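Engineer: test case, fold it:
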Amino acid sequence: MTRRQTTGSAGEGGLLRTWEQHHTGIVVADLDRDLEFYRTVLGYELTFMVRGMDDLYRRTVGVPGVSCDLAQLDNRATGTRIELIQVHDLPAGTDPSLPVHVGVAHTAYLVADIAAAAETIRAAGGEILGEIVEFEEGPAAYFRTAGGTVVELEEHRNPSKEEGEDAVHIS
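Structural biologist: Coordinates of the predicted model:
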């Protein structure tokens, strides 16, 4: 039985019924330097990279004019996935708590129904940062919790396929 198939108690996975933490995302100042660090020093392997993600990214974070370079890395030893994001063209005065500033992180979780999850977050005092954006693998959105942290929710149609604008998969 996979984590997604687990049905357990009503509290399992919380109100959103998440079944997996997909990744931790960190905004970095220099993607190439941090890629080297995470690969060499921490043992991560590059699995996905996209440069120049614009419309999808700015709609997801809710910040006009931004774009990003993004890389996902997996660490087989720890079983973790990390996402490094270098943001470009950040407007002055952008809310410093948003996941577009160097050092700001978010955690991402898989959910079965992102629209229902968004309503649950709103009912719990949270808010959507941008909009629910349709990526090739499924819709995703960033949310601020009532306590001020940022989470990303993803509803994957095909969890084995993760692609985007100018995406490169690394084997």
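Engineer: make it CA atoms for all contacts and neighbour counts henceforth
Structural biologist: Will do.
Engineer: show residues contacting the strand or helix carrying Ala71.
Structural biologist: Element membership of Ala71 [criterion: DSSP states H and E] is strand 67-75. Residues external to strand 67-75 that are found in contact with it (C-alpha atoms under 8 Å, 6 or more residues apart in numbering): 31, 35, 43-55, 57-58, 80-89.
Engineer: next structured bit after that strand?
Structural biologist: Following the chain from strand 67-75 toward its C-terminal end, the next helix or strand by DSSP H and E is strand 80-88.
Engineer: what residues does that next one touch?
Structural biologist: Contacts of strand 80-88 from elsewhere in the structure, counted by C-alpha under 8 Å, 6+ apart, are 22-31, 34-35, 66-75, 100-102.
Engineer: if we go to 7 Å?
Structural biologist: Strand 80-88 is contacted from outside by 22-31, 66-75, 100, using C-alpha atoms under 7 Å, 6 or more residues apart in numbering.
Engineer: just want the angle from that strand to strand 67-75.
Structural biologist: For the pair strand 80-88 and strand 67-75, the angle between their directions (axes from the mean of the first three to the mean of the last three C-alpha atoms, to 10 degrees) equals 160 degrees.
Engineer: parallel or antiparallel, which strands does strand 80-88 pair with?
Structural biologist: Based on DSSP bridges, the strands next to strand 80-88 in the sheet, each with its direction, are strand 20-27 (parallel), strand 67-75 (antiparallel).
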